[in-house]
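A.B. asks: 3D, please:
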Amino acid sequence: MSELIVIGYPDRETAQKAAAKVGELQKEYLIELEQVAVVYREADGKLKSEAAQGIVGVGAFGGMFWGALFGILFLMPLAGMAIGAGVGALTGKFAQMGIRKDFQDKVGELLTPGKAALFMVVKKVTEDRVLPEMAAFGGEILRTSLSVEDEEELAHELQKD
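C.D. replies: Sure, this is the predicted structure:
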């Protein structure tokens, strides 16, 4: 089972520094990642995402995963996703997978203009070692679980779109 973890930060620079620390922790085998991205909202309200620096060996779903996830979380098309039945179907899939509307709302609240977040799909984590290291950056943490079946189903649904 994997977890979707979102950590909100006051700015892009802090999120990038936190991502770099996650990369160090990954190299020490304290965290096993499937996906990582830094997401920020510009002053004009536009969402931007970038690959986290220093993270190796992730990316089974790639940009399409993040584009669809952000599109659902923020109810806007990213990475060319069409609005309509496809988005509605994916929203339903996310709800079935435990990504509830209140989680989506909280993520939206984390990413007001000028703010940023570190998005991670985490396979394994040694919490007693990782949490103290990440605490140095502050931030607000949101978590939700994804079973292996949910991940596979999500990947399948994204390939259809």
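
A.B. asks: next secondary structure after the helix or strand encompassing Val36?
C.D. replies: Using DSSP states H and E, Val36 falls within strand 31-41. Downstream of strand 31-41, the first helix or strand assigned by DSSP H and E is strand 47-50.

A.B. asks: who does that following strand touch, helix- and strand-wise?
C.D. replies: strand 31-41, helix 62-73 (3 or more Cβ pairs under 8 Å, 6 or more residues apart in numbering; DSSP states H and E). Placement of C-beta: from N, CA and C, glycine included.

A.B. asks: worst average pLDDT in the ones you listed?
C.D. replies: Across those, helix 62-73 has the smallest mean pLDDT, namely a mean of 60.

A.B. asks: what are the ranges of the strands in the protein?
C.D. replies: Under the criterion DSSP state E, the chain contains strands at 2-9, 31-41, 47-50, 116-125, 140-146.

A.B. asks: using PDB, write out the CA atom coordinates for the longest one.
C.D. replies: Once non-C-alpha atoms are left out, strand 31-41 reads as follows in PDB (Å, rounded to 0.1, in the frame of the first residue of the first chain):
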ATOM      1  CA  ILE A  31      12.000   6.500   2.200                       C
ATOM      2  CA  GLU A  32      10.900   4.600  -0.900                       C
ATOM      3  CA  LEU A  33       9.200   6.900  -3.400                       C
ATOM      4  CA  GLU A  34       7.100   6.100  -6.400                       C
ATOM      5  CA  GLN A  35       6.400   9.700  -7.500                       C
ATOM      6  CA  VAL A  36       7.500  13.100  -6.400                       C
ATOM      7  CA  ALA A  37       6.700  16.700  -7.600                       C
ATOM      8  CA  VAL A  38       6.900  20.200  -6.300                       C
ATOM      9  CA  VAL A  39       3.800  22.100  -7.100                       C
ATOM     10  CA  TYR A  40       3.300  25.900  -6.700                       C
ATOM     11  CA  ARG A  41       0.700  28.500  -7.400                       C
END
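
A.B. asks: alright, I will stop here.
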